[in-house]
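**Student:** sequence unknown, structure follows:
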Ligand SMILES: O=C(O)c1cc(=O)[nH]c(=O)n1[C@@H]1O[C@H](COP(=O)(O)O)[C@@H](O)[C@H]1O
């Protein structure tokens, strides 16, 4: 891809390049208290900082993206948010894309506040993309979508989540006969139309959802945006599950694992080995022959 000097490269293009370079694996930074204990760290801000920065240090420049889960930082208040800021800056310095997993969603005027926090240039909490929730109506995400476009960032909209409870909302069918998930995917597809190599409006589709896309009439092949697939590793999904869920859409998938990789720590080499094994497994499912 050639780009004019100084031109904004959209998130979708940056992620596609990172997936080509490093394989389609994202590692989630989920500093559970139990993981901190297993690493010999306290469940404190100092432990949180040590854990998260060690993950960035070990895996920065080696995976397509890192995905810090905001809740584990927010639970420590301002000091925890300061650590999240540091983690995002460290990943940026390591030239590694970040997805802030915040799952935000609110009425449009408040969504603008979240867009300022997670998608604005100069915000210390802005990574390269953020996870958002469409359950106040897809249109309520407008301010985030506009801000992402303006700043070359991306969003991942929850579509078919990896937890079994998600079905009661996502599989529901509206008066027009279209499921909620299919409607979310179609609206993302419309926003990504014509983007190459792919657009910046991604979906979250869990690697554990089996045939949910077919069952809900959700056309993942038409999305033309990244499909973030959590559920690899600790939630039980692997090569077979990824192949079954994504089929012909597999080329757009960024598979994500948190505990499955983090549990191998604290040693940097152990983390790298676990990430490499996870990357090989997801590559076999998503890019066979690559
Ligand atoms: O948006 C997410 O990242 C997400 C969506 C989803 O459907 N399921 C899901 O597990 N996640 C997140 O992905 C991570 C999964 O962690 P592990 O189960 O440890 O790999 C957690 O941070 C979840 O919040």
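**Tutor:** Received the coordinates, thanks. This structure is a prediction, so every number in the text was calculated from the model and none was measured.

**Student:** when you work out contacts or count neighbours from here on, use the C-alpha atoms and nothing else.
**Tutor:** Fine.

**Student:** could you check how far the closest residue to residue 43 other than its chain neighbours is from the ligand?
**Tutor:** The spatially closest residue to residue 43, leaving aside those adjacent along the chain, is residue 33, at 5.5 Å (Cα to Cα, 6 or more residues apart in numbering). Distance of residue 33 to the ligand, computed by Cα to the nearest ligand atom, to the nearest Å: 12 Å.

**Student:** phi, psi for residue 33 please.
**Tutor:** Per-residue torsions, residue 33: phi -60, psi -40 (degrees, to the nearest 10).

**Student:** numbering from 732 from now on, please.
**Tutor:** Yep, numbering from 732; the last one is residue 764 now.

**Student:** from residue 781, how far off is it?
**Tutor:** 13 Å (Cα to Cα, to the nearest Å).

**Student:** report the closest residue of the stretch 882-1021 of the chain relative to the ligand.
**Tutor:** residue 892 (3.2 Å; Cα to the nearest ligand atom).

**Student:** okay, now the nearest residue to that residue once chain neighbours are set aside: neighbour count?
**Tutor:** Distance criterion Cα to Cα, 6+ apart; nearest residue to residue 892, sequence neighbours excluded, is residue 937 at 4.9 Å. Neighbour count for residue 937, taken as other Cα atoms under 10 Å: 28.

**Student:** quick one: contacts for residue 937?
**Tutor:** Counting by Cα atoms under 8 Å, 6 or more residues apart in numbering, residue 937 makes contact with 891, 892, 893, 894, 959, 960, 961, 962.

**Student:** at 7 Å what do you get?
**Tutor:** 891, 892, 893, 960, 961, 962 (Cα atoms under 7 Å, 6 or more residues apart in numbering).

**Student:** can you give me the helices in the stretch 882-1021 of the chain?
**Tutor:** Under the criterion DSSP state H, counting those that start in this stretch, the stretch 882-1021 of the chain contains helices at 898-901, 911-923, 943-947, 970-977, 990-993, 999-1017.

**Student:** turn these into CSV, columns for mean neighbour count.
**Tutor:** Shown next, in CSV, are those (neighbours: other Cα atoms under 10 Å):
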stretch, mean neighbour count
helix 898-901, 15
helix 911-923, 21
helix 943-947, 17
helix 970-977, 20
helix 990-993, 23
helix 999-1017, 20
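
**Student:** reformat those helices as CSV; add mean pLDDT.
**Tutor:** Shown next, in CSV, are these (pLDDT from 0 to 100):
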stretch, mean pLDDT
helix 898-901, 98
helix 911-923, 98
helix 943-947, 98
helix 970-977, 96
helix 990-993, 98
helix 999-1017, 97
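
**Student:** reformat these as JSON lines; add distance to residue 824.
**Tutor:** Conversion of the helices of the stretch 882-1021 of the chain to JSON lines gives the following (distance: least, Cα to Cα, whole Å):
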{"stretch": "helix 898-901", "distance to residue 824": "37"}
{"stretch": "helix 911-923", "distance to residue 824": "29"}
{"stretch": "helix 943-947", "distance to residue 824": "37"}
{"stretch": "helix 970-977", "distance to residue 824": "31"}
{"stretch": "helix 990-993", "distance to residue 824": "21"}
{"stretch": "helix 999-1017", "distance to residue 824": "18"}
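
**Student:** so where do the strands sit in the stretch 832-981 of the chain?
**Tutor:** 860-863, 885-891, 932-936, 958-961 (DSSP state E, counting those that start in this stretch).

**Student:** any idea how far the last one is from the chain center?
**Tutor:** The one in question is strand 958-961. 6 Å (Cα atoms, centre = their mean, to the nearest Å).

**Student:** tell me what it is packed against?
**Tutor:** Using 3 or more Cα pairs under 7 Å, 6 or more residues apart in numbering; DSSP states H and E, the elements in contact with strand 958-961 are strand 932-936, strand 984-988.

**Student:** residue 805: which of those is closest?
**Tutor:** Of all the helices and strands packed on strand 958-961, strand 984-988 sits nearest to residue 805, with 20.7 Å by Cα to Cα.

**Student:** which bits of this protein sit near the ligand?
**Tutor:** Within the chain, the positions adjacent to the ligand are 761, 800, 832, 862, 892-893, 937, 961-966, 988-991 by Cα under 6 Å from any ligand atom.
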